[in-house]
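**Student:** No sequence on hand, only this structure:
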């Protein structure tokens, strides 16, 4: 047994060394590729859009101010000043957007230093004449939300939101009409997904009793599925929350509701619960990305390295690293697969003789690079310093039930994240599903999961 243990230990160390060595080589190449793609896209943007578009690998100040926003620093946090209607708003953004150290260079280090040097200790800031001039063109005029860029898909499905006079999220609603429902349930999907993650799994398996007592709302988050994908949005936490409120809570007069959320959606669920503490009946979180931040470590950078560790194995972690670290490579992937998703879906159906359920492809393909890039950084990384506060508020101020589900084989969000939630909120019940991963925790066991959800709602 000792010999077996030693052999296993040696093989583990050898595999880890090979993974790190190969990862070092692969990501060194990707650093160079992304650097070259930066110039290629600048030329392409100039050709197709007649404008030299800035990017985050050049200068955080340049990319933000060129979009009509002003980068400021308030008590060491990265924020932007933007115009909404005729008022100024202070938006919180993640510094991981423009600070992602690579093996070739320190991205935007000079700009970050200048920003920090110019920041004041107090929370106020001065808007000078240059900023006023930048905003004069917008004040008094209608704030437009330009449609997708040349590298994004322009099919009817992806741009259906442009035909509507109201910029609200796509909402799939089921249940009793005329407010006869006893309570409501809000479903929030995860990163690069859509409402179909719920409507194709949970909704068809709801019991008749549940359909008569509850109203169900599954949304496409801002920038995903059939929801608006404004090219000038920073996809901040405030924007996501306000769109949920304007699209579901306010028009449907939702007063008391349960939340079911997956992955990135868990962060929005917690933020929404903290914002509406008296309305939440239960919180059901699937694979919540909660990584406690050690003292003295920058929260945003820590979470970025946990979610995207710059390793080639496991494969899903490699994909997350590509999406999180490389602005231009990830844009290329969107150009290749998202812009051509109709053809890929056709091939998938043809090869599988229409046996393949393509709702997962719909969620994976139907988004813009701008939406995915900013949502990933501003929500998953940007809220890292707020998660402790959210969970403490749920523990101390909310009385709702908290249930957490996690797949044992989840290689993207480790199962320890769910136990981390439980350590912060002791009443949270954690259920680990054996032999299930980040997706199959629902897909493939939708009937059992739906019964579990109904039990949670009825007992709350």
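**Tutor:** Nice, I can see it. Being a predicted model, the structure only gives us computed values, none of them experimental.
**Student:** mean confidence for stretch 56-66?
**Tutor:** Mean per-residue pLDDT for stretch 56-66: 57.
**Student:** how many other residues sit next to residue 50?
**Tutor:** The number of residues packed near residue 50 is 7, by other CB atoms under 10 Å. C-beta: built from backbone N, CA, C; applies to glycine.
**Student:** who touches it in this structure?
**Tutor:** The contact partners of residue 50, by CB atoms under 8 Å, 6 or more residues apart in numbering, come to none.
**Student:** Repeat that for the one 5 residues further on.
**Tutor:** Residues counted as contacts of residue 55 (CB under 8 Å, 6+ apart) are 38, 41-42, 63, 327-328.
**Student:** Buried subset of those, written for ChimeraX?
**Tutor:** Command for ChimeraX that selects the buried part of those, burial taken from 16 or more other CB atoms under 10 Å:
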select :38,41,42,63,327,328
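**Student:** from the contacts of residue 55, which is closest to residue 391?
**Tutor:** Among the contacts of residue 55, residue 327 lies closest to residue 391 (CB to CB), at 30.7 Å.
**Student:** For the longest helix anywhere in the chain, what is the distance to the chain centroid?
**Tutor:** Using DSSP state H to define each element, the chain has its longest helix at helix 2-49. Relative to its chain's centre, helix 2-49 lies at 23 Å (CA atoms, centre = their mean, to the nearest Å).
**Student:** got it, and stretch 314-322?
**Tutor:** Its chain's C-alpha centre and that of stretch 314-322 lie 15 Å apart, by CA atoms, centre = their mean.
**Student:** List of residues touching that stretch?
**Tutor:** Contacts with stretch 314-322, where a contact means CB under 8 Å, 6+ apart, come from 27, 30, 307-312, 329-330, 333, 411-412, 438.
**Student:** The contacts of residue 55 into TSV, with extra columns for distance to residue 229?
**Tutor:** As requested, those are arranged in TSV below (distance: CB to CB, whole Å):
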residue	distance to residue 229
38	23
41	18
42	22
63	18
327	17
328	19
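**Student:** Which single one of the contacts of residue 55 is nearest to residue 460?
**Tutor:** Residue 460 has its nearest neighbour among the contacts of residue 55 in residue 327, at 42.2 Å by CB to CB.
**Student:** Might you report the residue contacts of the closest one?
**Tutor:** Residue 327 makes contact with 34, 38, 55-57, 373, according to CB under 8 Å, 6+ apart.
**Student:** Does residue 342 touch residue 155 like I think?
**Tutor:** Yes - taking CB atoms under 8 Å as the definition, residue 342 is a contact partner of residue 155 at 6.0 Å.
**Student:** picking up where we left off before, and the furthest pair within the contacts of residue 327?
**Tutor:** 38 and 373 (13.8 Å).
**Student:** Low-confidence ranges, the stretch 301-450 of the chain, go.
**Tutor:** Where the stretch 301-450 of the chain drops to pLDDT under 70, the residues are 353-358.
**Student:** Strands along that one, start to end?
**Tutor:** 401-407, 429-433 (DSSP state E, counting those that start in this stretch).
**Student:** Counting neighbours, show which residues of the shortest one come out buried.
**Tutor:** Meaning strand 429-433. Buried residues in strand 429-433 (16+ other CB under 10 Å): 430, 433.
**Student:** And the longest one, by the same measure?
**Tutor:** Judged by neighbour count (16+ other CB under 10 Å), strand 401-407 contains these buried residues: 401-407.
**Student:** so can I have CSV of those residues showing distance to residue 277?
**Tutor:** Converted to CSV, the buried residues of strand 401-407 look like this (distance: CB to CB, whole Å):
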residue, distance to residue 277
401, 14
402, 13
403, 18
404, 19
405, 23
406, 25
407, 29
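**Student:** between the residues you listed, which is closest to residue 429?
**Tutor:** residue 403 (5.1 Å).
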